[in-house]
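S.K.: Below: sequence and its predicted model.
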Amino acid sequence: MSHTHSKPLLYSYIRFSTMEQAKGQSLNRQVSYAKEVAKEKGLELDDSLTMRDMGLSAYNGANIKKGALGVFLVAVEQGLVPSGSILVIESLDRLSRAAPLESQGIIAQIINADITVITAVDRKEYNKRTIKENSMDLVFIILVLIRAHEESETKSIRVRSALTKQCNDWLEGKRGFRIKCGKAPKWCVWDEELKQFTLDTLEQAIMIRKIELYIKGLGGLKIAELLNDEFGKGTVHHTGANVYKEVKRRSLLGELNVKVGDIDYVLEDYYPALISEEEFNLLIANSSKRGAIKHSQKFVGILTGIDVFKCSYCGKSVGSHVIYRKKDLSQVPSSHKRYGCVEARRNNNCVMTSTLQIEIVEDAVVKFCQDKVNLQRILLNSTDHESIRLEGSNLESQLSQLTSKIDNLVDVLTKFGDKSPDSIAPAMRKLESESKDIISKIQQNKNKQLKIANSSRDEVTDRWLKLTDNLNELGGEERLAIRQLVKDTFKSITMQIHTSSNQEETGLSSVFNQLLGEKTASSFDLTFVFHNDNKRIIRFNKHTGQMMKGVDLVE
C-alpha cells in the first residue's frame, strides 16, 4: 500500500560498473545532475536518499541482487516510497542493462508506484501521466534498453575473448602479464619490474597467523581480537567475518581460478603460495565440524563440537553440559560437568537419558591414548589403506576416460560447427555432470587418505603424551589443541551408558556383552573408530574411569 499522505521525496541513483570510473568524472557528473534537477524542481536533495552502486554491473543484475537499487525496489514494492516521489538517474541504462523485457519490468515497477523517473542527461520525465499522454515514450524506453543491452553484450563478448586469450596464454607457459580479472589477495603485490606477484611480508604474516588460529579452533570474533592485538587495531574486521572464507580459498596455494562463460580456468602458480597443497587439503578436510568455540564460551569439552562423539542408541551427538549456578568455571564441581546425548536431553526419541561426569570420560579416553605402544599398534595397522589408494586410482582413471570422451565431442562440434548433430549437446552435459561427480569423489578420497596419513604418524602418539599432561588443570586454548588431536586420531567415538535395566539385549549390545562380559550399572562402553577404519571397544568403570576390558572389532 502506497503512503499517499507522506511528502514526496527526491531520490538520486548513481551507478558505474568499475571502481576506476570513480576516479574520473562519472561520479561527479551524476551527482551534479541530481543537484541540478533538485534545484529546478524546488526540492531539497537529501544525501541520505542518494543511492550509490559503485563498481556494480547492471548487465548481470549485480546492482539489484546486492546493490542499493535492489533495496530501493523492495521499498517500492512494500509501499515505503511516497507517491509522487522523484527518482533522478543519469540515463535509463543506469538502472539496468539486462535483457530488455527484464529491464522494462524494473522501470515499470517504479512508474506504477506513482514515482516519476527523470533522466538528467535530457531532462526527460517518465510517469503514468506522461506515458498515457504519449505512448511513444514506452517505445522509446524499450529502444533505449535494447541498445544498452546490445552494447553491454558486445562489450562482454570482447572482455570474455580477451580473458580467454590471457588464460590460454598463461596455460601455455607465457608469463610477465596480469590477468585482468578479480582482485589479488592482500598478501600479494604486483611488481612492475619483475612483472609478477610478490609477497607482502606483513600481510603474509597476518594470513599465516589467521590460518594457525583457525586450525586451533578459535571462532571469528576471537581470531579478530587476537589479530588486532598482535598486528594493530583495524588489521581485520572486528567480527572476523571473512576468516571462514579466506582459509578455504585456493589462492593460498597460488592458484587463480577464472570462470569465462561456461569454462573454468585453473592457473597454477599465478600467486606466490602461502601453504603446500597437502596442508591446504588437510585444512579443508578439517574445516567441516571443526568445533570453533564462541567468544564467550567458558568450557571446552575435548570430545564435543567436532562431529566425533556419538550416542550409541540414536547415533546423534553427545554434548557437554555444565551447571554453573552463578559460579565461576573453576568453582563448578566435577559432578556438575556432564556428557550426555543431545537428543535425550531434548526428549527427542532417545532412551540414553543417563549422563556421565566429563572428567571420568575424558580421563578414560586420554589414558587409552597415552598408551603409546597400544595406540601405535592400531594407528599403524592400516590394512585398508591400500584399498583406499586403489579406489583413488580407479576414480582418476574414470575421470581420464570421461575427459577423453568430452574432448572427442568437442572435436565433433568444431568439425561440424552449426551443423553438428542435436544429440551432441545433451551428451556433453551428461559427461560434464558425471565428471563433476567423479571429481567430488576424488576429493573425498584424498581427504580420507590425508586423515589416515595424518593419524598414522608416530608424532600423533607423542602429541597425546605431551598435550594431555595435567588435563583437568588446562585452560580453553590448551583443550582446543587436544580437541583437534581427537579429530586427528578418531573418525568417531560412540558412548553407551549402562543402566540396571533387565531388558533383554539384542543386536550390537548383545555382541558387546559376549565380547566384554555382562554389563553392569557401574560401567560404560566407548567404541573407537579410527581413520584407517580399525575399531576398538573398551568397557570402563563409570565412577573411576578405569579400563575393565577391551577388544578389537573386525567387520
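M.R.: Received the coordinates, thanks.

S.K.: In the stretch 451-555 of the chain, mark out all the helices, start to finish.
M.R.: Using DSSP state H, counting those that start in this stretch, the helices of the stretch 451-555 of the chain run over 458-467, 476-489, 507-516.

S.K.: The longest one - what's its average pLDDT?
M.R.: Translated: helix 476-489. Taken as a whole, helix 476-489 carries a mean pLDDT of 85.

S.K.: how close does Ile157 sit to Gly261?
M.R.: In this view, Ile157 and Gly261 are 10 Å apart by Cβ to Cβ, to the nearest Å. Just so you know, the C-beta spots here come from the backbone N, C-alpha and C atoms, and that holds for glycine as well.

S.K.: before we move on, what about Phe140?
M.R.: Separation of Phe140 from Gly261 (Cβ to Cβ) stands at 33 Å.

S.K.: Neighbour count: the two, which is higher?
M.R.: The neighbour comparison of Phe140 against Gly261 (other Cβ atoms under 10 Å) goes to Phe140, with 13 against 10.

S.K.: Tell me the buried residues in the helix or strand harbouring that one?
M.R.: Element membership for Phe140 (DSSP states H and E) is helix 136-171. Neighbour-count burial for helix 136-171 flags Asp137, Ile141, Val144, Leu145, Ala148, His149, Ser152, Leu163, Gln166, Cys167, Trp170 (criterion: 16 or more other Cβ atoms under 10 Å).

S.K.: Nearest the geometric middle of this structure, what residue?
M.R.: Per Cα atoms, centre = their mean, the C-alpha nearest to the average position across the chain is that of Lys245, at 5.3 Å.

S.K.: so how far is Lys210 from it?
M.R.: To Lys210, Lys245 is 11 Å away according to Cβ to Cβ.

S.K.: With Asn534 instead?
M.R.: In this view, Asn534 and Lys210 are 35 Å apart by Cβ to Cβ.

S.K.: same deal with Ser276?
M.R.: Counting by Cβ to Cβ, the gap from Ser276 to Lys210 is 17 Å.

S.K.: And Glu246, by the same measure?
M.R.: Glu246 is 7 Å from Lys210, where distance means Cβ to Cβ.

S.K.: what about the nearest residue to Leu163 once chain neighbours are set aside, neighbour count?
M.R.: Closest residue to Leu163 apart from its sequence neighbours, by Cβ to Cβ, 6 or more residues apart in numbering: Val260 at 5.1 Å. Neighbour count for Val260, taken as other Cβ under 10 Å: 18.

S.K.: beta partners of Val260?
M.R.: Under DSSP bridges, the beta-bridge partners of Val260 are Ile263.

S.K.: And the pLDDT at the residue lying closest to Glu90 once chain neighbours are set aside?
M.R.: Spatial nearest neighbour of Glu90, chain neighbours left out: Gln30 (5.0 Å); criterion: Cβ to Cβ, 6+ apart. With respect to pLDDT, Gln30 scores 72.

S.K.: need the contact list for Gln30.
M.R.: By Cβ atoms under 8 Å, 6 or more residues apart in numbering, the residues touching Gln30 are Ser12, Ile14, Arg15, Phe16, Glu90, Arg94, Ala120.

S.K.: Closest one of those residues to Ser354?
M.R.: Arg15 (62.5 Å; Cβ to Cβ).

S.K.: Can you give me the distance of that closest one to Lys174?
M.R.: 36 Å.

S.K.: more crowded one of the two?
M.R.: Neighbour totals were compared for Arg15 and Lys174, and Arg15 leads with 27 against 10 (other Cβ under 10 Å).

S.K.: So for the more buried one, what pLDDT did the model give?
M.R.: We have a pLDDT of 73 for Arg15.

S.K.: Paired strands for whichever strand or helix holds Ser320, with orientation please.
M.R.: Element membership for Ser320 (DSSP H and E) is strand 318-322. If you go by DSSP bridges, strand 318-322 pairs up with strand 337-341 (antiparallel).

S.K.: just how off-centre is the helix or strand just after the strand it pairs with within its chain?
M.R.: Following strand 337-341 in sequence order, the next helix or strand is helix 342-345 (DSSP H and E). Distance, stretch centre to chain centre, for helix 342-345: 28 Å (Cα atoms, centre = their mean, to the nearest Å).

S.K.: Give me the packing partners of helix 342-345, helices and strands only.
M.R.: On a contact count with 3 or more Cβ pairs under 8 Å, 6 or more residues apart in numbering; DSSP states H and E, helix 342-345 meets strand 309-311, strand 318-322.

S.K.: Would you mark the buried spots in the last one?
M.R.: In terms of neighbour count (16+ other Cβ under 10 Å), strand 318-322 has its buried residues at Val318, Gly319, Ser320, His321.

S.K.: quick one: stretch 184-193 to chain centroid distance?
M.R.: Its chain's average C-alpha position is 25 Å from that of stretch 184-193, according to Cα atoms, centre = their mean.

S.K.: That one: end-to-end distance?
M.R.: Between the opening and closing residues of stretch 184-193 there is a gap of 18 Å (Cα to Cα, to the nearest Å).

S.K.: is it true that Pro272 touches Leu199?
M.R.: Yes. Pro272 lies in contact with Leu199 (Cβ atoms under 8 Å); the separation is 5.1 Å.

S.K.: Out of the helices and strands packed on helix 342-345, flag the one nearest Ile388.
M.R.: Closest of those to Ile388 is strand 309-311, at 22.3 Å (criterion: Cβ to Cβ).

S.K.: Done for today, thanks.
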